[in-house]
Structure formats: structure tokens, C-alpha cells
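K.L.:
Pasting the sequence and the predicted model now:
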Amino acid sequence: MKSLQYDLCIVGGGLSGLSVASFVGHQRPEVRRLVLEQATTPGGAITTYNESGYLAEWGPHGFLDNCAESRRLVELAGLQHAVTTAPLGRFVRYVCLNGRLQCIPQKPLRILREPLMPWKGKLRILADLWKKPLPGEPTVAQWVEHRFGKDLLPFADAVYTGTYAGDIDRLKIDAVMPGVRELEHKHGSVIRGVWQARREAKRREGTGRKGLPAMTSFNGGMAMLPQHLAADLSEQGCLAFGNQVQGLVRDEQGWRVLMEQGEIICRHLVLALPVNQGLALVAAALPSLPPPLPAIPEARILSVLLGFDTRACIPFGFGYLAPEQEARFTLGALFSSHMFPGRAPEGHHLVEALVGGRRHPERLDLSDDQLITEVCRDLGQLMDLPPPSFATVLRPRSGIPQLEAGYSNLLAWRQQLHAAHPDLHLCGFGWKGIGINDMVKEAARVAEEICTHGVAGESTEVKGVYF
Ligand SMILES: Cc1cc2nc3c(=O)[nH]c(=O)nc-3n(C[C@H](O)[C@H](O)[C@H](O)COP(=O)(O)OP(=O)(O)OC[C@H]3O[C@@H](n4cnc5c(N)ncnc54)[C@H](O)[C@@H]3O)c2cc1C
């Protein structure tokens, strides 16, 4: 059995693992590092579909350009010139309410002016200024209703359908919005907290608001990012495909990482894996420090890609989301060729409709033909559409981790684990968020910690809510 020594071994060649390796390599090129990936291609959940003139995504469609760490990563990948953006200020989004697509203005005050909810509901939002924080671990739905009233629930539902494919009656507010919860405790009100935070930012930066961020992808789709990072790492001999890690052992030499092909001995070990896969490896290796839960739930979605000719009347914008109360088949749809031109053949539109999620896993078992028929029927009630000239179904392998009951205990356990084993780092899909920017921020924090050999503190951040 072969045994190789490295300063740093990273398990997982998805965006998290590739980001840790790239950040460390940039800051400390002398660190001997290796990324182990079980698949034969990089990127994990990020995979781009490119066929018959249509460019679509199996996984993420993009990320907001308001994250410094992600911008740095794009530079490290040498992809600044391939970036394509869709500014939130220009591309509106729609929510399906009462069986109609209704445009959601991106500015909160403009939302209040629109006839999207009754006046009583709009006034009820202001009760946030006097409401005491709910104790314990409320769900998103309980928290939104307590602070802002029940008329806001369909909008919260749409936000968490669009991000987590989740269920607001199960997702925990402390897990998905820790920064907002902190504002609530500190200022006694979210509105007051956000207003104060804006004033402080304005004073610090000496400028007004910078405007809304932009949704960002690349001209060849999202897969360009992991592919470019991976090509660079492979050139430096830092990436090994087809290596599935099967076990870990901690001994006096450091961490031993076991695979069928042999073993790696390393000083620092990063598990850049979705929560459940990381938990399985750690629980087997360190039985004296068992995690509070063996696994967290995951939500699966699939995309039905539909191509239409110019007869289709698709409203301009990013797309729409449908809250559960609307009882629709489709969770929502992206108007992809509006967002990123060039994603459909000349004279055609591409719509990517999302199905399944935490509440409707049974729909994932339908055949492609059934899915296409149901989605066309559903979208046809909301928009004037001819029969599609192109249709296919993408079924992603990755599920989206759901931050529900017990998740806060899991984060606390991760801290205890790290205190006991400062050379073991857990990051990746579902640890401190689920989005690309969350992954890259965590990767940058882990890389910094490894490079400085210190233990950097974790902070909570107030994330913007964009439909
Ligand atoms: C359908 C879908 C849509 C999404 N949409 C968006 C979006 O629009 N915007 C956004 O910001 N985010 C979105 N996300 C989330 C985003 O894709 C993730 O945040 C990100 O890709 C997670 O990267 P990761 O490297 O942490 O995990 P992964 O991508 O899961 O990578 C983990 C890697 O580890 C490898 N691996 C696992 N076990 C082992 C082992 N034992 N040994 C070796 N290798 C192993 C896997 O093969 C994989 O390559 C979406 C996710 C999904 C699934």
C-alpha cells in the first residue's frame, strides 16, 4: 500500500475543496497540498448542460457579486473576462400570487407601495419595532409571522423555495438567517437593526448605498469556475481524481486518509464535503466525539428545460417562484435566456422549471414525459406559451442540505470538534449556509486559518434577502 505525506489534504473536489486549495496555494505556495476527489471531474454539485444550442445548469445558476471572497476566487481562476452578470436592479422577479405572476420590486419601500398585500398587512410589518424576540429555535414561518405578520408568509415561502427548495415550517431561522436574528436581539427589532447597520456602513464607507448586487455566472456556464480552478491545481500536481476516501485515522503522525489506492498522511485535514458525507467520515473516525445528529435532511429538485420560439410571451426578468399556498406543480422557473443571453439558439427562449423540493419529493419519481406535460400545463396557465420546441429533464445527484431542528447543535459540535482537533477542518455544502458565496467564504476562512496556524473566530453575517 502506497503512503504519501502532505502538509494539507483536502477531501472533496467540489467548489469548497477547490477554493480552499486555491486560496492556500495563493497565500502559501510552499504548503504541500492535495485535493482528493472521488469523481473523474471536478465541481461536485456544479455541472453545466450544453446541448442543441441550449446552455443550462444541473446545479447552481449563479451567485451574487457582493462577496469579496468569491470575486477573489474568480480572479484566481483567471475568469474575470468570462463573467456574465444580470443586475438585480434591472431584472425583476415575480411571485405567483392568486394564480398570477406579480412583479416584486427589489426595494423594500417600493414593495410597500405595490398592491401585493392588504394595507392592514403592510402596517402589521411595523409591529416588528415593538415585538420581543421569540425564545428558543423558531421556524422561519413562526418567526416571520411573529415579527411581521402572516401576510408576509407567502413572500418568505418564495424566498426559501428559491434558495433551499425548503419548507419554512421546518427551516430554522437561527440556522438560515443567523445575522438577522442577532440584529433582532441586539436592537430589539429587525427594521431598527437594519437601519442602524446601514447608517454605520454609510459612516464607515462615506458613501450611500452601492445599489443592488448582480447575479453572476460565466459565458460557458457555472462549470467554468471549478474547471478552471481544477486545471490550475492539476497542473501543480495538487489534485487527484478517482480517489474515494473511505476512512480517517488520527495517530501521532497526524491524519491518515484511507483510500482503496493507498493512504495519505497529512498535518491538516479539510473535509470539504456536504454535511452528511463529512459527518459519516468523522463519526467513524472519532467515536468519542459523536455528532448530535447522524445526518440532516436534504431536499432534491430537478429541472425541466423548455425551449420556446418567439411566439412565447415570457415576462422580462429572472423568473418566478410559487409559494406552497398556490398549490402549483412547479416550484418556480428561471427565464434563463433573459438573465444570460446566448443560452438558447437564435430566436428561442430557454425556461428552466424547478420541481420537487422538501415538500414534494414524490414528484421526482415521475417519468420525463409526465414531468414535461405537467410543467407545460402549469406554466401555460401563467404565461402565453406555444408547445415547446425543445424539452428535457435534468435530475441533479446532489440534494440541498436543510438547516432544520438540531442544526444549531451541529454547528456547536463542529466548534467542539475543532477545539479538540485544531488540525481538522469541516466545511462544505450545508456548513454555515448552502450558497456558493457561503461556501467560498468558509473556504477562505479555513484557508486563512491553515496559513496562519491560528484558529480564526467565526462570525455571523446579515445576508440580504433577494427574490
Ligand atoms: C440543484 C442545486 C441548485 C443550486 N443552486 C444554487 C444557486 O443557484 N446559487 C448558489 O449560490 N448555490 C446553489 N446551489 C448550492 C451550490 O451548488 C453549493 O453551495 C456548492 O456547489 C457546494 O460545493 P461543495 O464543494 O461544498 O460540495 P459539493 O459540490 O457536493 O462537492 C463535494 C465533492 O466531494 C466529493 N466527495 C464526496 N465524498 C467523497 C469522498 N469520500 N472522497 C472523495 N471525494 C468525495 C464529491 O464527489 C463532490 O465532488 C445549488 C445546489 C444544488 C444541488
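P.N.:
That came through, no problem. Residues are numbered from 1 along each chain as shown.

K.L.:
wait, isn't Gly162 in contact with Ala333?
P.N.:
No. Using Cβ atoms under 8 Å as the test, Gly162 is too far from Ala333 to be in contact (10.8 Å). The C-beta positions use only the backbone N, C-alpha and C, and glycine is treated the same way.

K.L.:
The two: who's more crowded?
P.N.:
Set side by side, Gly162 and Ala333 show more neighbours around Ala333, with 28 against 22, by other Cβ atoms under 10 Å.

K.L.:
and the more buried one, what element?
P.N.:
strand 332-334 (DSSP states H and E).

K.L.:
Over to Ala56?
P.N.:
Using DSSP H and E, Ala56 sits in strand 54-57.

K.L.:
Pull up the pairing partners for that strand, direction included.
P.N.:
According to DSSP bridges, strand 54-57 has the following sheet partners: strand 48-51 (antiparallel).

K.L.:
List the buried residues in the strand it pairs with.
P.N.:
Buried positions in strand 48-51, judged by neighbour count with 16 or more other Cβ atoms under 10 Å: Thr48, Tyr49.

K.L.:
about what we covered before: helix or strand next in line after the strand holding Ala56, which one?
P.N.:
strand 63-64.

K.L.:
and Val20, which of the three is it?
P.N.:
The local conformation at Val20, judged by DSSP: H, G, I helix; E, B strand; the rest coil, is helix.

K.L.:
Same check on Val446?
P.N.:
Classification of Val446 by three-state DSSP places it in helix.

K.L.:
same thing with the one 4 residues further on?
P.N.:
For Ile450, the assignment made with three-state DSSP gives helix.

K.L.:
quick one: it from Ser16, how far?
P.N.:
Ile450 is 14 Å from Ser16, where distance means Cβ to Cβ, to the nearest Å.

K.L.:
just to revisit the earlier point, please compute how far the strand holding Ala56 lies from its chain's middle.
P.N.:
Shown here is strand 54-57, whose average C-alpha point lies 18 Å from the average C-alpha point of the whole chain (Cα atoms, centre = their mean, to the nearest Å).

K.L.:
rewinding a little: and the contacts of the strand holding Ala333?
P.N.:
Outside strand 332-334, the residues that touch it by Cβ atoms under 8 Å, 6 or more residues apart in numbering are 61, 96, 158, 161-162, 318-322, 351-354, 379.

K.L.:
And those residues, which two are furthest apart?
P.N.:
Within those, two members stand farthest from each other by Cβ to Cβ: His61 and Cys96, at 18.9 Å.

K.L.:
Okay, helices next: where are they in the stretch 101-250 of the chain?
P.N.:
Using DSSP state H, counting those that start in this stretch, the helices of the stretch 101-250 of the chain run over 108-113, 119-125, 140-148, 153-164, 173-176, 178-187, 190-205, 224-235.

K.L.:
sorry, back to before: closest one to the ligand out of the contacts of strand 332-334, please.
P.N.:
The nearest member of these to the ligand, counting by Cβ to the nearest ligand atom, is His61 at 4.3 Å.
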